[in-house]
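Asks: coords please:
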Amino acid sequence: QVQLVESGGGSVQPGGSLRLSCVVSRDMFSVFSMGWWHQAPGAQREMVARISNADLIRYSDSVKGRFTISRDNAKNTVYLQMNDLQPEDTGVYYCNQASSSLPSWPWGQGTRVTVSS
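Replies: Got it, this is the predicted structure:
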């Protein structure tokens with residue numbers, strides 16, 4: 001059973017930064033594309049960043065230029081550096097494998113981010 005453990009969330013003021021981490025208990029982590037999803041209050045979960053097993057990266061328009069996804073295959077960990085946070089970034093952030101040809105792994109508990117003044 002794959003386990004996803006997200007951490008690093010918190011409360012910040014607009015313009016602040018956070019670094020999220022997701023540790024994945026899965027063999028051969030390096031072969032999987034990974035993504036970060038954002039679920040705003042009352043909204044559906046949406047992917048905001050994706051990194052392939054070849055380090056090809058894509059971002060949603062809403063976070064492009066502010067967020068940076070990266071991975072450390074030796075640590076089975078994917079990161080999301082979040083800069084210039086805005087109130088609309090508030091919500092719970094989740095990681096998961098990001099290949100559309102594979103089923104999602106069981107979702108973790110996520111990590112909550114609150115951006116307010």
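Asks: For residue 88, what are phi and psi?
Replies: Dihedral angles of residue 88 (phi, psi; degrees, to the nearest 10) stand at phi -70, psi -10.
Asks: Next, count neighbours for it.
Replies: Residue 88: 12 surrounding residues under other Cβ atoms under 10 Å. No exception for glycine: its C-beta is placed from N, CA and C like everyone else's.
Asks: what sits against it?
Replies: Applying Cβ atoms under 8 Å, 6 or more residues apart in numbering, we find residue 88 in contact with 40, 62, 115.
Asks: Now list the buried members of these.
Replies: residue 115 (16 or more other Cβ atoms under 10 Å).
Asks: from the contacts of residue 88, which is closest to residue 83?
Replies: Set against residue 83, the nearest of the contacts of residue 88 by Cβ to Cβ is residue 115 (11.7 Å).
Asks: what sits against that closest one?
Replies: By Cβ under 8 Å, 6+ apart, the neighbours of residue 115 are 11-14, 16, 85-90.
Asks: Run through the bridge partners of the residue nearest the centre of the chain.
Replies: Centroid-nearest residue in the chain, with Cα atoms, centre = their mean: residue 36, separated by 2.6 Å. Beta-bridge partners for residue 36, by DSSP bridges, are residue 49, residue 95.
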